[in-house]
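Q: this one's structure only:
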């Protein structure tokens with residue numbers, strides 16, 4: 001009996017380790033996407049899935065045919081220009097995408113062991129696989145549409161849904177091993193659930209506004225060039241000012257969520273999430289200020305985006321945890337109710 005229990009625990013721990021690695025790599029993929037966007041490397045590989053017709057991209061222009069601009073720049077009106085740094089930034093982003101897909105597939109295979117115990121873990125993993133597959137196809141459309149802004153935005157939003165699917169699985173598989181959240185213990189109110197949902201929706205809206213600011217920034221860069229970086233922010237339109245002002249509303253809601261998580265719910269897990277949100281909010285404000293006052297340095301853009309996605313991920317985890325019907329299996333819920341008796 002003991003050996004069987006140890007085997008189950010070992011299987012669960014291996015699954016959690018694989019799942020944690022998968023989530024980290026997905027976040028790295030989002031960071032890489034931000035770097036591609038911030039450095040203007042989106043067309044560093046003008047074709048897909050190969051890069052300049054090769055599986056391993058060239059490192060110098062001499063490795064390309066003399067008429068490569070006509071071959072690969074047909075849709076770009078011959079304006080494609082080889083830049084080894086931008087090419088490899090985009091290619092590494094693609095490699096991370098492939099690695100993410102393989103890890104999600106491995107997660108689905110590993111989740112078969114939970115089919116009898118908790119089918120939601122398996123189906124959550126399958127959802128992540130379908131979403132990341134769809135996002136891989138969408139990545140090809142981003143190249144095909146020559147970095148159309150609406151395609152880039154959809155690409156990002158689908159990546160966030162992949163994160164949500166994996167975080168659902170993580171919370172579901174981890175909750176029984178952490179402090180079990182019973183109704184008597186956390187006294188979850190409808191108002192707090194609404195607060196978390198509204199905060200997530202507002203955060204989604206802020207991310208969408210951020211993509212609009214990025215579009216406006218692209219327009220400014222096209223007009224002024226990189227030599228006028230110091231004047232970029234002053235040349236932005238209303239989208240930037242709405243995004244900046246809306247951040248104050250986002251901050252207020254985060255403060256409300258953090259206070260409730262730390263003082264009202266009395267859960268170690270939720271307290272850890274609250275502490276993480278504090279640091280994330282501070283870092284997000286800092287990177288936003290750096291971009292606003294220091295000419296939008298390239299390093300700050302992807303970090304700002306990544307922090308926003310991690311923040312909304314923690315919000316989603318908190319919402320799952322305070323709703324035991326979503327975070328606990330039927331067996332774990334039954335044990336939680338037995339603890340109350």
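A: Perfect, thanks for sending it. As the structure is a prediction and not an experimental result, all values here were calculated from the model.

Q: By residue count, tell me the biggest helix in this protein.
A: In the chain, assigned by DSSP state H, the helix with the most residues is helix 2-38.

Q: What is the distance between that one and the centre of its chain?
A: 14 Å (Cα atoms, centre = their mean, to the nearest Å).

Q: Can you list the helices and strands that it packs against?
A: Judged by 3 or more Cβ pairs under 8 Å, 6 or more residues apart in numbering; DSSP states H and E, the packing partners of helix 2-38 are helix 84-111, helix 149-174, helix 300-321. For the C-beta atoms, the positions are set from N, CA and C on the backbone; glycine is no exception.

Q: Return the residues in contact with residue 71.
A: Residue 71 makes contact with 53, 65 under the criterion Cβ atoms under 8 Å, 6 or more residues apart in numbering.

Q: distance of it from residue 100?
A: From residue 71 over to residue 100 the distance is 30 Å, taken as Cβ to Cβ, to the nearest Å.

Q: what does residue 241 give?
A: From residue 241 to residue 100 the distance is 35 Å (Cβ to Cβ).

Q: Residue 173 now?
A: 19 Å.

Q: just residue 11 next, same as before
A: 23 Å.

Q: And residue 241 and residue 100? Which one has more around it.
A: Applying other Cβ atoms under 10 Å to residue 241 and residue 100 shows that residue 100 carries more neighbours, namely 25 against 11.

Q: right, and that one touches residue 24 too?
A: No: assessed by Cβ atoms under 8 Å, residue 100 is found out of contact with residue 24, at 10.1 Å.

Q: quick one, what contacts residue 258?
A: Counting by Cβ under 8 Å, 6+ apart, the residues that residue 258 touches are 274, 277, 278, 281.

Q: at 6 Å instead, please
A: 274, 277, 278 (Cβ atoms under 6 Å, 6 or more residues apart in numbering).

Q: now residue 60
A: Residue 60 touches nothing, counting by Cβ under 6 Å, 6+ apart.

Q: separation between the closest residue to residue 169 other than its chain neighbours and residue 273?
A: Nearest residue to residue 169 in three dimensions, chain neighbours excluded: residue 124, at 4.1 Å (Cβ to Cβ, 6 or more residues apart in numbering). Per Cβ to Cβ, residue 124 is found 19 Å from residue 273.
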